[in-house]
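> Below: sequence and its predicted model.
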Amino acid sequence: MPTDRDRLLATPICDLNLTLAGGRLEPLLAKFRRELAHLGVRPEPACYLSTEWGVPFETISLAIPFYLAREDLIALHAEQVGFLEGSGRGDFLRYLRHEMGHVVNYAYRLYDRADWTDTFGPMDADYVEVYHPEPFSAKHVCHLPGWYAQKHPDEDWAETFAVWMTPAYDWRAAYADWSAARAKLEFCDRLMAELRERAPDVTAVEADEDVSDIDMTLADFYADYGEDPDDGPAFAPPFDASLRGIFEDLGDREDASSIAPRLPAGDLIRRLERDLATDVFRWTGCFPEAVRPLVRRLAERADRLLQVYPADRETAAIAAVVSLVTALAMDHVVRGASRSSHGAAAPVTDQMGRRDR
């Protein structure tokens with residue numbers, strides 16, 4: 001007998017009857033508009049529900065992921081993808097402020113200004129899906145996860161604008177020691193003061209992939225997020241040695257002082273998958289679709305090695321697994337691509353901003 005989850009997955013997205021008006025996002029959008037009005041920022045974006053965050057180029061339309069419109073869809077997305085962009089109140093507003101940076105850029109064609117290009121770089125720079133950030137670079141602000149300002153000049157501006165727009169945030173003090181990033185924020189502050197009295201050049205509205213036009217089912221939509229372990233990024237560290245440095249072999253009590261029951265290491269690693277995918281991305285820039293297969297491979301290898309840990313040492317085991325996955329992800333980012341044992345490179349794809357340009 002089909003479950004509620006089965007019926008939800010079989011539903012075409014256009015038949016979910018999702019709207020912004022009257023839903024859970026309406027009060028957050030109202031707060032966002034108050035923020036814009038307080039700062040005198042124009043134009044007001046035309047918000048709509050779509051497949052992901054984005055702003056179609058040369059428009060003032062702002063796409064919001066449809067799954068954020070309902071709690072059951074948020075839960076389903078977390079289950080299927082493991083990474084949520086904007087599910088909490090504060091996180092939702094952070095993404096809105098970033099996308100508003102794109103709206104302002106396109107509305108005033110800032111990218112055509114010499115001073116904007118001198119500050120952020122040329123708009124026609126390659127917009128690559130694979131980028132390798134330098135964590136904690138003092139040349140860029142920190143706003144969205146993954147050091148997103150380093151992806152492209154358009155994203156650098158959008159992140160800078162979002163930091164500038166954040167209410168009650170003293171960016172001058174926060175970036176006092178990061179002169180390059182502070183200079184970008186000061187440029188943004190001067191530019192927005194200049195634009196306050198100027199009408200936008202672009203007011204076009206264009207809903208790209210409006211939720212009401214998407215006739216694929218949720219099951220088909222999430223099939224695109226499916227991960228084939230053979231196609232994912234290829235990490236080739238000494239997994240066995242790393243795991244044995246954290247856990248015990250079944251029947252071999254390394255910590256004889258602990259009489260606590262031994263629990264399966266693989267189960268612990270799987271339990272950490274969702275949080276690791278999100279937090280490792282935030283601090284390393286290694287995307288969740290690379291981290292999740294890595295975590296699963298570690299869990300599978302721990303199963304094969306019959307690895308266990310004392311129940312009273314779980315906190316230490318978690319810290320060690322987090323450190324290991326973070327180190328592997330950072331190596332992946334720094335080297336530019338993870339390599340298999342045969343030296344083949346595997347790309348990491350971007351999860352956000354695919355329609356910003």
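That came in fine, so what should we check first? Since this is a predicted model, take the numbers as computed values, not measurements.
> Could you use CA atoms for every contact and neighbour count after this?
Fine.
> so where is the stretch 101-250 of the chain shaky, pLDDT-wise?
225-238 (pLDDT under 70).
> Please apply the same query to the stretch 251-357 of the chain.
For the stretch 251-357 of the chain (pLDDT under 70), the answer is 251, 253-258, 336-357.
> which residues of it fall in strands?
262-264, 307-310, 338-339, 345-346 (DSSP state E, counting those that start in this stretch).
> Quick check: closest non-adjacent residue to Gly23.
Closest residue to Gly23 apart from its sequence neighbours, by CA to CA, 6 or more residues apart in numbering: Ala69 at 6.6 Å.
> roughly how far apart are that neighbour and Tyr95?
Using CA to CA, to the nearest Å, Ala69 is found at 15 Å from Tyr95.
> do the same with Pro145
Pro145 is 10 Å from Tyr95, by CA to CA.
> Please work out which residues outside stretch 112-121 touch it.
The contact list for stretch 112-121 (CA atoms under 8 Å, 6 or more residues apart in numbering) reads Leu110, Tyr111, Met123, Pro153, Asp154, Asp156, Trp157, Lys184, Phe187.
> Widest-spaced pair of those residues?
Greatest spatial distance among the contacts of stretch 112-121 (CA to CA): Met123 and Phe187, at 17.0 Å.
> Neighbours of Val130, how many?
For Val130, the neighbour count with other CA atoms under 10 Å is 15.
> Leu84 and Pro264, how far apart?
28 Å.
> correction: Leu20
Relative to Pro264, and taking CA to CA, Leu20 is found at 44 Å.
> Neighbour count: those two, which is higher?
Neighbours per residue (other CA under 10 Å) separate Leu20 from Pro264, with Pro264 holding more: 20 against 17.
> what's near enough to touch the closest residue to the more buried one other than its chain neighbours?
Distances taken as CA to CA, 6+ apart place Val308 nearest to Pro264, at 4.6 Å, with adjacent residues excluded. Val308 makes contact with Phe247, Glu248, Asp249, Leu250, Arg262, Leu263, Pro264, Ala265, Gly266, according to CA under 8 Å, 6+ apart.
> I'd say the fourth one and Leu306 touch.
Going back to what we said before, that points to Leu250. Yes - Leu250 is in contact with Leu306 according to CA atoms under 8 Å; the separation is 5.5 Å.
> what distance separates the start and the end of stretch 158-178?
18 Å.
> Buried residues in stretch 145-162, which are they?
145-162 (16 or more other CA atoms under 10 Å).
> Which positions in stretch 17-37 come out as buried?
The neighbour-count check on stretch 17-37 (16+ other CA under 10 Å) flags Leu18, Thr19, Leu20, Leu25, Leu29, Phe32, Glu35, Leu36 as buried.
> what's the top helix by length along the chain packed up against?
Ranked by residue count, the top helix of the chain under DSSP state H comes out as helix 314-335. Using 3 or more CA pairs under 8 Å, 6 or more residues apart in numbering; DSSP states H and E, the elements in contact with helix 314-335 are helix 273-284, helix 288-304.
> got those as JSON lines, with distance to Ser242 and mean neighbour count columns?
Formatted as JSON lines, the helices and strands packed on helix 314-335 follow (distance: least, CA to CA, whole Å; neighbours: other CA atoms under 10 Å):
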{"stretch": "helix 273-284", "distance to Ser242": "17", "mean neighbour count": "21"}
{"stretch": "helix 288-304", "distance to Ser242": "10", "mean neighbour count": "21"}
